[in-house]
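# could you look at this predicted model? Sequence included:
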Amino acid sequence: MARVDFYILKQAGQHSRQTFACRLAEKAYKLDNTVHIHAGSSGDAERLDELLWTFRDGSFVPHERLSGSAGSAEAPITIGCENESVEPRDLLINLCDEIPAFAEAFPRVAELVTSDDDCKQLSRRRFAAYRDKGHTLETHNV
């Protein structure tokens with residue numbers, strides 16, 4: 001069973017989720033963890049790819065986008081949006097409305113929740129699904 005951390009953000013909007021995902025990925029990387037960021041669409045994955053270079057002055061977060069059926073990569077941080085098999089890593093940052101099918105293979109999952117009503121409602125559904133599967137759940141207000 002995975003540990004699932006729900007990070008409750010005070011801000012609204014997809015940009016807030018993506019920026020926090022970059023901060024979380026950077027922190028995990030500095031702790032020698034590998035990370036997969038699962039984006040909701042190809043456009044979101046592209047924005048995350050760009051944002052990981054620019055979200056903070058002086059940061060260096062080595063990453064690469066997965067493309068097509070390539071589920072493994074050399075970089076410590078990967079970004080993808082396909083719901084196919086992804087090589088398990090230390091942490092999955094889920095930015096999708098649904099739980100990806102491959103989430104069960106990760107020991108830790110991070111769910112980012114903004115103050116938008118839609119985001120909160122969808123996150124509650126994911127919270128219940130994780131709980132029903134017996135995962136350890138933690139909530140963090142940030």
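Arrived safely, thanks for sending.
# gap between the most centrally placed residue in the chain and D117?
Centroid check for the chain by CA atoms, centre = their mean gives I93 as the closest residue, at 1.6 Å. For I93, the distance to D117 (CB to CB, to the nearest Å) stands at 22 Å. Yep, even glycine has a C-beta here, placed from its N, CA and C like the rest.
# phi, psi of the most far-flung residue of the chain relative to its centre?
Computed with CA atoms, centre = their mean, the residue of the chain farthest from its C-alpha average is G58, at 22.0 Å. G58 has phi and psi values of phi 80, psi 0 when expressed as degrees, to the nearest 10.
# ok, residues contacting the one helix or strand R47 maps to?
Using DSSP states H and E, R47 sits within helix 42-54. For helix 42-54, the surrounding residues in contact (CB atoms under 8 Å, 6 or more residues apart in numbering) are 14, 18-19, 21-22, 25, 37, 39, 61, 63, 65, 77, 79-81, 95.
# distance between it and the chain's centre?
The chain centroid and the centroid of helix 42-54 are separated by 13 Å under CA atoms, centre = their mean, to the nearest Å.
# likewise stretch 119-134?
The mean C-alpha position of stretch 119-134 is separated from the chain mean by 15 Å, CA atoms, centre = their mean.
# pick out whichever of the contacts of helix 42-54 sits closest to V113.
Closest approach to V113 among the contacts of helix 42-54 (CB to CB): L95, at 10.7 Å.
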